[in-house]
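Chemist: coordinates for the following, if possible.
(2 chains)
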Amino acid sequence: MTPILQIKNITKRYGGLTAVNDVSFDVKAGEILSVIGPNGAGKSTLFKLISSFVPATSGEVLFNGGRISSLAPHKVAQMGVVRTFQETTIFRSMTVRENIIVSHHLRSKASLFGFFLGTKQAKEDEAAFASSADDIVDFLGLQAIRNELASNLPQGHLRALGMAIGLATDPKVILLDEPFAGMNHDETMKMVGLVRRLRDERGVTVLLVEHDMPAVMKISDRIVCINFGQKIAEGTPQEIRENEKVIEAYLGSEDAAIGM
Amino acid sequence: MIGKKLLGFIAFLVVVFVLVPLFISATGRWDFFYTLTSVALLSVGAAGVWLTFYIGRINIGQGAYALIGGYVSTILVTQANVSFWLTLPLAGLFCAIISVAIGFPILRLRGVYFAMVTLVLTEVARLTALALPITNGAKGITSIPLPGELSIFGLTIIPAFGTLSNPRFGFYIMAVLLMIITYLVLWRIVNSRLGHLCRSLQQNEELSASIGVNTAYLRVLAYAISSFFGGIAGAMFASIAQSIYPSSFVVADSVNFMLYCFLGGLGYVFGPMLGTLLLYFGWDLLSIAREYQLLIYSGVMILLMLVLPNGVLSLLDKKEGSR
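Modeler: So this is what the prediction gives:
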C-alpha cells in the first residue's frame, strides 16, 4: 500500500541558509506521526513545505502518489491535506460557530453565484454546514463558547478552534502546528486525547510538529527527529528515546525533556 | 426581525420616491434633484469601494473606473449609436474586465502598497483619456444626447428623456433606482457565502487559503464587482452632465469615494450610502464658512475618525450595547 503522504528529498534554501536539507519520510494512512527537533531545526519550514505554503527548492511531496508540492495552498487543502496554525491564526471577528461554518467551504456543492441567488442547493449546503459545525462543536467540547467572538477566547480554546477549522474542511491528513505549546499538564493530556479521537473516530491521519516531549512520546505511533534541517532519526517512540543522535541533539536539556 | 427590515426598506422607498419629490416641488428647489442624483450615483461607486474594503484592501482608485465607464458609455452612444440603457451594463462590464487584468497582479499587494497603486490608477486613467484619439483629449466629449427610450417587446419601460418635461426628475428616479439595486446586490453578497468568504479573507488570508479558499480568485472577483459599480456610476454621470472630460474624475474623487466608506462605517453595508449623503451635504453646508470651508471640513473628518473609527453607523451599535 502506498503511504498517504511521501516526503521525498525535500530541500528549502533561503539565500545561503539551508532551512531544510534533503529530508525524506513517509506517513502511513491512519497513523499519528510527530516531527520533533530543537528550536530552529526547520520543523516549521518543513510544515510549510508539506502544505505548499512555501515552494520547495528541490524535492517533492506526494499525496496518495500524486505530486502536491507545486500546487497552490488552496488546491492542497482541496485534496485533503490541511494545516492548522498556532493559536493566533483564526478569524478574529467571527464567533466560534461562524469560524467553523465558513471553513466548510470545500464541502459546498453550490457555486458562489448559486449562494448569491440562494438556490435550493445553496440552502441545503448551508443547512449541512450548520449541522456539521454543531457536530464539530460537540466533538471538541466547545458548546459553552460556540457563540463567543473568537478574539475573546483564551489560548486553550483557540487551539481547539484552530483544530475545529481544520476539521471542517474534512481533511484526510491534518497537519497540527505545535498543538500542545503553552499548555499545562492537564490541558495537554486533554489535547492528547482529542488528537487520538481525531484519528480513531474521524479516521484522519495526523502529522504534528511539537516541542513537548512527554506528549509526543505518549501520542505518536512514529517520530521523525530533525536537527539543523536534516533528518537524524526516525522510528517508534521507544527507538527515538534510545537513539544516540537524538540524545546528542537535545544534549544540555534535562533527560526528562525527551521523556526518559 | 425580517419584518422590521422590510418595513425599514418600504419607509426608505416612500421617502426617496414620494416625500423627497413632494418636498422639492413644494419648495421649488429643482436643483436639489441634481444634488441628490449626484449623491445616489456617488454612493453606487462608494458601494464598490466598500466591497474592496470588505476583502481587506484600501481602494483609492474608483475614480479611474468611473472615468472609464463614463467614456465607454459616451463613446458607444455618440459614435456607435447604441442605446444608453445598453451602454450602462456594458460600461460596467468593460470596467470589470479591465479590473481583472489590473487586479490580478496588484491584488497580491496589501495595506498601503495596494492603496498607493490604486491611487496612481486614477491618474493613469486621466492621462490615457488625454492621450487617446477616441476620447478627444482635453476637449472631452460634449453634447451627449439624453438617454433614449427603453422598451422591451414594444412596451415602454423608460420614456426618452428628451420628451420629459423635467429630465432632472427622470434622472433622479433612475439614479435612486440604480442605487437601490446596487445596495440590494451588495447586501445579498455580504449575507451570502460569498460575503462570508470575503470576510475570512479580510481577517486572515493565510488561514483562508488553508481552508481551501482560492484567495487570488476571490480577491479579483470582489475587485471586478467593485469596478463594475464604479463603471455604471461613471456612465450615468456622463449622461446626466451630457459631457465627459479627462478631469471629470480625478484623484480627489477617488479619495472621496474612500472617505464616504470610512465615514459611514466599513462594517455596515449601508455605511457608504449614509457616508456619501453626509459628506456631500456637509461640504455644501460648510460653504457658508467661505475660506475656512476646507479647514473645518478636514478638522471634522479627523475628529470623526478619532471619535468614531468604525463610522457613523457604529453609533447604533453602541446604543444597543448599553440597553
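Chemist: from now on I want contacts and neighbour counts done on CA atoms only, so please keep to that.
Modeler: OK.
Chemist: how about the residues of the stretch 151-260 of chain A by chain B?
Modeler: Applying the criterion C-alpha under 8 Å from any C-alpha of the partner chain, the portion of the stretch 151-260 of chain A that neighbours chain B consists of A:Ile165, A:Gly166, A:Thr169.
Chemist: how far away is B:Trp190 from chain A?
Modeler: For the record, residue B:190 is Val, not Trp. B:Val190 sits 9 Å away from chain A when distances are taken as C-alpha to the nearest C-alpha, to the nearest Å.
Chemist: hang on, A:Phe85 is in a helix, isn't it?
Modeler: No. Assessed with DSSP: H, G, I helix; E, B strand; the rest coil, A:Phe85 is coil; it does not lie in a helix.
Chemist: could you find the closest non-adjacent residue to it?
Modeler: A:Asp177 (5.5 Å; C-alpha to C-alpha, 6 or more residues apart in numbering or on different chains).
Chemist: looking at the residues of the stretch 151-260 of chain A next to chain B, which is nearest chain B?
Modeler: A:Thr169 (6.1 Å; C-alpha to the nearest C-alpha).
Chemist: ignoring the adjacent residues along the chain, who's closest to A:Gln78?
Modeler: With C-alpha to C-alpha, 6+ apart as the measure, B:Gly212 is the residue that lies nearest to A:Gln78, at 5.5 Å, once sequence neighbours are left out.
Chemist: give the burial count for the one you found, as a bare number.
Modeler: The burial count assigned to B:Gly212 is 25, neighbours taken as other C-alpha atoms under 10 Å in any protein chain shown.
Chemist: pretty sure it sits against A:Pro73.
Modeler: Yes. With contact defined as C-alpha atoms under 8 Å, B:Gly212 and A:Pro73 form a contacting pair (7.3 Å).
Chemist: per-residue confidence for residue 258?
Modeler: Reading this off chain A. At A:Ile258 the predicted local distance difference test score is 52.
Chemist: you looked at the wrong chain, it should be chain B
Modeler: pLDDT, the model's per-residue confidence, is 92 for B:Met258.
Chemist: could I get the contacting residues of it?
Modeler: Taking C-alpha atoms under 8 Å, 6 or more residues apart in numbering or on different chains as the definition of contact, the neighbours of B:Met258 are B:Ala46, B:Val49, B:Trp50, B:Ile58, B:Asn59, B:Ile60.
Chemist: give me that answer again for 7 Å
Modeler: B:Ala46, B:Val49, B:Asn59, B:Ile60 (C-alpha atoms under 7 Å, 6 or more residues apart in numbering or on different chains).
Chemist: how close does the first one get to A:Arg92?
Modeler: Which is B:Ala46. Distance from B:Ala46 to A:Arg92, counting by C-alpha to C-alpha, to the nearest Å: 26 Å.
Chemist: stretch B:68-84 - what's its average pLDDT?
Modeler: For stretch B:68-84, the mean pLDDT works out to 93.
Chemist: distance between that stretch and the chain's centre?
Modeler: On the basis of C-alpha atoms, centre = their mean, to the nearest Å, stretch B:68-84 sits 19 Å off its chain's mean C-alpha point.
Chemist: repeat that for stretch A:179-198.
Modeler: Centre-to-centre, stretch A:179-198 and its host chain are 13 Å apart (C-alpha atoms, centre = their mean).
Chemist: does B:Thr135 touch B:Ala129 like I think?
Modeler: Yes. With contact defined as C-alpha atoms under 7 Å, B:Thr135 counts as touching B:Ala129 (5.7 Å).
Chemist: per-residue confidence for the residue in chain A sticking out farthest from the centre?
Modeler: Seen from the C-alpha centroid of chain A, the residue lying at the greatest distance (C-alpha atoms, centre = their mean) is A:Leu117, 35.1 Å away. Reported pLDDT at A:Leu117 in the predicted model: 88.
Chemist: next: the one 4 residues further on.
Modeler: Predicted confidence (pLDDT) at A:Gln121: the value is 92.
Chemist: got the contact list for it?
Modeler: Contacts of A:Gln121 by C-alpha under 7 Å, 6+ apart are A:Ala110.
Chemist: sec struct for it, please.
Modeler: Following three-state DSSP, A:Gln121 is assigned to helix.
Chemist: any idea how far A:Ala127 is from it?
Modeler: Taken as C-alpha to C-alpha, the spacing of A:Gln121 relative to A:Ala127 amounts to 10 Å.
Chemist: for the residue of chain A found nearest chain B, phi and psi?
Modeler: The shortest separation between chain A and chain B is 4.0 Å, found at A:His74 (distances taken as C-alpha to the nearest C-alpha). The main-chain torsion angles of A:His74 are listed as degrees, to the nearest 10 and equal phi -70, psi -30.
Chemist: still on that earlier bit, now that we have the contacts of B:Met258, which one has the most neighbours?
Modeler: Of all those, the highest neighbour tally under other C-alpha under 10 Å goes to B:Val49, namely 32 neighbours.
Chemist: give the other helices and strands that whichever strand or helix holds that residue contacts.
Modeler: Here B:Val49 is covered by helix B:31-54, with elements defined by DSSP states H and E. With contacts taken as 3 or more C-alpha pairs under 7 Å, 6 or more residues apart in numbering or on different chains; DSSP states H and E, helix B:31-54 sits against helix B:167-191, helix B:193-203, helix B:215-241, helix B:251-264, helix B:271-285.
Chemist: can you tell me which helices and strands the first one packs against?
Modeler: The elements that helix B:167-191 packs onto, with contact taken as 3+ C-alpha pairs under 7 Å, 6+ apart, are helix B:31-54.
Chemist: just the buried residues of the helix it packs on, please?
Modeler: Burial within helix B:31-54, assessed by neighbour count using 16 or more other C-alpha atoms under 10 Å in any protein chain shown, is assigned to B:32-34, B:36-54.
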